[in-house]
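Asks: Predicted model follows, preceded by the sequence.
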There are 2 protein chains.
Amino acid sequence: MKLLLVEDEPELGRQVTAWMNDAGHQLHWENTARQALASLQKESCDVVILDVGLPDMDGFSLVQRLREADLRMPVLFLTARADVSDRVKGLAAGGDDYLTKPFAFEELLARLEALHRRANNHVPSQRLLGGCRLDLVRRRVICGNEHIEFQPREWGLLEVLMNHEGRVLPKKFLLEQVWDIHFDPGTNVVDAMVCRLRRKLEVPGCGVQIETIRGKGYVFKTLA
Amino acid sequence: MKLLLVEDEPELGRQVTAWMNDAGHQLHWENTARQALASLQKESCDVVILDVGLPDMDGFSLVQRLREADLRMPVLFLTARADVSDRVKGLAAGGDDYLTKPFAFEELLARLEALHRRANNHVPSQRLLGGCRLDLVRRRVICGNEHIEFQPREWGLLEVLMNHEGRVLPKKFLLEQVWDIHFDPGTNVVDAMVCRLRRKLEVPGCGVQIETIRGKGYVFKTLA
DNA sequence: ATGTCACCTTACCGTTTGGTAATGATGTTT
DNA sequence: AAACATCATTACCAAACGGTAAGGTGACAT
C-alpha cells in the first residue's frame, strides 16, 4: 500500500514511518499541507494520513482542496483533537475516517487497510446487472451473446441510472448529472434519450428496464 | 440515505431509529443477523449499522457472510466492545468503520455519511502515467488542473498505445486493435489520429508523448 | 545537392451523434 | 367523459466526429 503521511511533529512522523515500513507498506512523509498537495498532484497514493494541526493550513481545508482538485483518494485524519465537533468537521469536509491520538498502531493499520480495500474494490471493470453484464471500460452491455453498443450520451445516462438503481431520479437530476445543465431549458432531451436507451435495452434476456414514475422521474430496475 | 440497523437492544434501536428519521434518513431495523441477511438479500441499502453481540451470530461473522454473498455495502460496527483487538477484528473481517458505545449521534451520522459518500462517489479507476492521471471510466486525462477530453476514436488509440507503453507498435497493429481493420486500406487514418492525439497531449506537465520510429511505427513514452 | 520516401498537417466532407419540436399516446383530474 | 398534463415516439437538422486526400516537411540515401 502506498501511503502519504502529512504530519509536522517529527517524533510521530518517524514512528509512523517505521511502523508502516515494518508492516510492508510504502510511506511518504510530508510536513506541510502545501508540500502534500504538490506531492499528490505529481504522484497519487492509496491513502492519505492527515494531521489536523499543520503549520500552513488546517487538515480540513487540505481535504477540501484535494477534493476540489479531483484527487479522490481516501483520507484518514490522525489527530489529538478529539472533540465530537472536530470529528464531524473532518468527516464532513470530505475525510473518510478519523482516529484520535493516542492510538494503537494496529488500529491505524486496520483502518488504513479497510479504506484501501474499499477504494480499490469499488470499481470493478465489469458489473452484473439484471440478466446482463456491463463492461464499464469498453462502455457496452453484454447480454447473452448480444453486444449492445452505446453512444457517449446514452452511456452517460445509463451510468447515472444504474448507479442509482431502484431510486426515482427526477429529470432535473439527470439533466445535472448527465448534461451538466443546472437550470431547466424546457426541453425533452431526457425523455428522448431515455426512449433511445429503452429501445437498445429491449433485448430478450437483458433483465433491466427503465420505468417511468409519472410526475416524478425515472427508475432503473433490474428484474429477476 | 437508506440504512439497515442490526441491533438486539430495544432501547438503542428505538433511539437510533428516531434520530435517523429526524435526520431525514430511512432506517430499517432488524434484531438478528439472520433477519438482517434475509433483508439485505431482498433489498439493498446504503450503509449497514451493525452491533457485534447479536443473539444468533456475532457481527464479524455476519460481515463475512455478507461479503461472501457479494453484498458489498459499507458496514459500520456500533458496539460496546472497545478493545483494540475487537476493532481490528471488525475492520479485518470486512467492516468499513468501527464506532464504540457510548457515542455521539452527530459522529455516527457523520461517519455514515462519509461511508455513503465514498461508496456512491464511485472512485474512477485511475491510472498514473507520466505527469498525469488517466481516468479510465470517464475517458479523460487530468494533467495538473487541466482536463483533456477525448473523442471515442482518439481514446481507443490512446488506450492501445498506453497499454503497450514503451513498445513500438506498427500501424498495421494499431489498425487492427483500434479500427478492427485486418488489411491495409492504403490510408493514413492512423497518422492523422496520432497527429490529433499529440496535439491534445501537448500540455505543459503532461509528461507523455508519442514518438515516431520511422518505418516501424509509433511508441508511447512517459517522461520524467 | 537532389531525389525519394515516410511521416506530418491541413482542409474538406460524408456520416454519426444528439438536441429540438411536433405529434401521438396515456394517464389524471375535474 | 372531457380537459389537461405528462410522457413516448418520430422526424428533422445542426454540430461534432472522423476518414480521405493533397500538399508540406524532414530524414535518409545516392
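Replies: All right, it came through fine.
Asks: secondary structure class for the most centrally placed residue in chain A?
Replies: Closest residue to the average C-alpha location of chain A: A:Arg72 at 6.5 Å, with C-alpha atoms, centre = their mean. Secondary structure, DSSP: H, G, I helix; E, B strand; the rest coil: A:Arg72 is coil.
Asks: Let me know the pLDDT of it.
Replies: Looking at A:Arg72, its pLDDT reads 83.
Asks: Please apply the same query to A:Lys42.
Replies: For A:Lys42, the pLDDT comes out at 72.
Asks: swap in A:Pro124?
Replies: The per-residue pLDDT reported for A:Pro124 equals 49.
Asks: A:Gly215: neighbour count?
Replies: Close neighbours of A:Gly215, defined as other C-beta atoms under 10 Å in any protein chain shown, add up to 6. In this view, the C-beta of every residue, glycine as well, is placed from N, C-alpha and C.
Asks: Show the backbone phi and psi for it.
Replies: phi 80, psi -10 (degrees, to the nearest 10).
Asks: residue contacts, it?
Replies: A:Gly215 is in contact with no residue at all, counting by C-beta atoms under 8 Å, 6 or more residues apart in numbering or on different chains.
Asks: same thing but at 10 Å, please
Replies: If you count contacts by C-beta atoms under 10 Å, 6 or more residues apart in numbering or on different chains, A:Gly215 has them with A:Pro170.
Asks: Could you measure from it over to DNA strand D?
Replies: Distance of A:Gly215 to DNA strand D, computed by C-beta to the nearest atom of the strand, to the nearest Å: 5 Å.
Asks: Chain A: strands as residue ranges?
Replies: Assigned by DSSP state E, chain A shows strands spanning A:2-6, A:26-30, A:47-50, A:75-79, A:97-100, A:126-129, A:132-135, A:140-143, A:146-149, A:168-169, A:208-213, A:217-222.
Asks: Okay, buried residues for the first one please.
Replies: Right, the one you point to is strand A:2-6. Within strand A:2-6, the residues that count as buried by 16 or more other C-beta atoms under 10 Å in any protein chain shown are A:Leu3, A:Leu4, A:Leu5, A:Val6.
Asks: mind checking which helix or strand of chain A has the lowest mean pLDDT?
Replies: One helix or strand of chain A scores below all others by mean pLDDT, DSSP states H and E: strand A:126-129, with a mean of 68.
Asks: Write out the residues of chain A neighbouring DNA strand D.
Replies: A:171, A:188, A:191-192, A:194-195, A:198-199, A:212-217 (C-beta under 7 Å from any atom of the strand).
Asks: need the longest helix for chain A.
Replies: If each helix of chain A is counted by residues according to DSSP state H, the longest one is helix A:105-121.
Asks: Briefly note if that one comes near chain B.
Replies: Yes: using C-beta under 10 Å from any C-beta of the partner chain, helix A:105-121 reaches chain B at A:105-115, A:117-121.
Asks: Low-confidence ranges, chain A, go.
Replies: For chain A, applying pLDDT under 70 flags the ranges A:70, A:120-128, A:224.
Asks: mind redoing it with 50?
Replies: For chain A, residues meeting the criterion pLDDT under 50 lie at A:123-124.
Asks: Just the C-alpha atoms of stretch A:176-196, please, in PDB.
Replies: Written as PDB, here are the backbone C-alpha positions of stretch A:176-196 (Å, rounded to 0.1, in the frame of the first residue of the first chain):
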ATOM      1  CA  GLU A 176     -27.500  18.000 -13.900                       C
ATOM      2  CA  GLN A 177     -25.600  14.700 -13.800                       C
ATOM      3  CA  VAL A 178     -25.500  13.800 -17.500                       C
ATOM      4  CA  TRP A 179     -25.800  17.100 -19.300                       C
ATOM      5  CA  ASP A 180     -24.300  19.300 -16.600                       C
ATOM      6  CA  ILE A 181     -27.300  21.700 -17.100                       C
ATOM      7  CA  HIS A 182     -28.300  23.300 -13.800                       C
ATOM      8  CA  PHE A 183     -31.400  25.100 -15.000                       C
ATOM      9  CA  ASP A 184     -34.500  23.900 -16.900                       C
ATOM     10  CA  PRO A 185     -34.000  24.500 -20.600                       C
ATOM     11  CA  GLY A 186     -37.600  23.500 -21.100                       C
ATOM     12  CA  THR A 187     -36.800  20.700 -23.500                       C
ATOM     13  CA  ASN A 188     -37.300  16.900 -23.500                       C
ATOM     14  CA  VAL A 189     -33.800  15.800 -24.100                       C
ATOM     15  CA  VAL A 190     -34.000  13.400 -21.200                       C
ATOM     16  CA  ASP A 191     -37.300  11.900 -22.400                       C
ATOM     17  CA  ALA A 192     -35.800  11.400 -25.900                       C
ATOM     18  CA  MET A 193     -32.600   9.800 -24.600                       C
ATOM     19  CA  VAL A 194     -34.500   7.500 -22.200                       C
ATOM     20  CA  CYS A 195     -36.500   6.400 -25.300                       C
ATOM     21  CA  ARG A 196     -33.300   5.600 -27.200                       C
END
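Asks: when you scan it, is anything in it near chain B?
Replies: No: applying C-beta under 10 Å from any C-beta, one finds stretch A:176-196 separated from chain B by no less than 11.8 Å.
Asks: doesn't A:Leu27 make contact with A:Asn21?
Replies: Yes: using C-beta atoms under 10 Å, A:Asn21 is in contact with A:Leu27, at 6.7 Å.
Asks: And stretch A:166-178, end to end?
Replies: Using C-alpha to C-alpha, to the nearest Å, the end-to-end distance of stretch A:166-178 comes to 18 Å.
Asks: Tell me which residues of it come out buried.
Replies: For stretch A:166-178, the neighbour count (16+ other C-beta under 10 Å) marks A:Leu169, A:Lys171, A:Phe173, A:Leu174, A:Leu175, A:Gln177, A:Val178 as buried.
Asks: Dump these into TSV; add distance to A:Ala92 as well.
Replies: Converted to TSV, the buried residues of stretch A:166-178 look like this (distance: C-beta to C-beta, whole Å):
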residue	distance to A:Ala92
A:Leu169	25
A:Lys171	29
A:Phe173	22
A:Leu174	27
A:Leu175	27
A:Gln177	22
A:Val178	27
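Asks: For A:Gln41, grab the count of nearby residues.
Replies: A:Gln41: 19 neighbours (other C-beta under 10 Å).
Asks: Pretty sure it sits against B:Glu146.
Replies: No: using C-beta under 10 Å, A:Gln41 is not in contact with B:Glu146, being 11.4 Å away.
Asks: shared neighbours of those two, anything?
Replies: Between them, A:Gln41 and B:Glu146 share these contacting residues under C-beta under 10 Å, 6+ apart: B:Cys132, B:Gly205.
Asks: Was I right to think A:Lys172 contacts A:Gly186?
Replies: No: counting by C-beta under 10 Å, no contact exists between A:Lys172 and A:Gly186, whose distance comes to 11.9 Å.
Asks: Would you enumerate the residues in contact with A:Leu175?
Replies: Contact partners of A:Leu175, counting by C-beta under 10 Å, 6+ apart, are A:Ile181, A:His182, A:Phe183, A:Asp184, A:Pro185, A:Thr187, A:Val189, A:Val190.
Asks: Perfect, that will be all.
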